[in-house]
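Chemist: no sequence on this one, just coordinates:
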């Protein structure tokens, strides 16, 4: 394993992000505010992009999105962080609209990392505990893997 990590800078980035400090799991009764969830995502993506750059990789080859669910409807999915500057306001507004329609919960951060050979990897960092959250996180990862062709 160490030999693989020594020769694969992308794997080193994944390892740091996936096994770094545990995500702060939400255990409070009220949902996480939209701005807190987006703030956590932006902070995590900034760290991921910096790690990519530190390894000599393209910092644009890593991104992440918030996995969310609306309690009343049972709908869930992932909304990827926009890459273009100036789109974060619309990103936040979309989540605020969802929250106005029902109880919006943020389940985790879904990561996507591209490789030079056209492939890539997906992994998730949970923000909520519980069996239902785990099942929804896995379902979103499976959909993302099918759409991108990346492994999870």
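Modeler: That came through fine. Quick caveat, the model's predicted, so the values are computed rather than measured.
Chemist: Quick one: the strands in the protein, in order.
Modeler: Secondary structure of the chain (DSSP state E): strands at 62-70, 76-80, 104-114, 120-126.
Chemist: Tell me where the longest helix sits in this structure.
Modeler: Longest helix in the chain, counting residues (DSSP state H): helix 34-54.
Chemist: now the end-to-end length of stretch 122-134.
Modeler: 15 Å (CA to CA, to the nearest Å).
Chemist: follow-up on the earlier one: residues in contact with the longest helix of the chain: which ones?
Modeler: For helix 34-54, contacts defined as CB atoms under 8 Å, 6 or more residues apart in numbering pick out 10, 13, 16-17, 23-24, 58-66, 81, 88, 91-92, 95-96, 99, 104, 106, 109, 111, 113, 125, 127. C-beta here means a position set from N, CA and C on the backbone, and glycine is covered the same way.
Chemist: buried residues in it?
Modeler: Within helix 34-54, the residues that qualify as buried are 34, 37, 38, 40, 41, 44, 45, 48, 49, 51, 52, counting by 16 or more other CB atoms under 10 Å.
Chemist: how close does the third one get to residue 89?
Modeler: Spelled out, that is residue 38. Residue 38 sits 10 Å away from residue 89, going by CB to CB, to the nearest Å.
Chemist: who are the neighbours in contact with the closest residue to residue 91 other than its chain neighbours?
Modeler: Distances taken as CB to CB, 6 or more residues apart in numbering put residue 82 closest to residue 91, at 5.5 Å, once the chain neighbours are dropped. Counting by CB under 8 Å, 6+ apart, residue 82 touches 88, 90, 91.
Chemist: picking that back up, in ChimeraX, how would I select just the buried ones from the contacts of helix 34-54?
Modeler: Buried residues within the contacts of helix 34-54, by 16+ other CB under 10 Å, are selected in ChimeraX with:
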select :10,13,17,61,62,63,64,65,66,81,91,95,99,104,106,109,111,113,125,127
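Chemist: How many residues are close by residue 68?
Modeler: 25 (other CB atoms under 10 Å).
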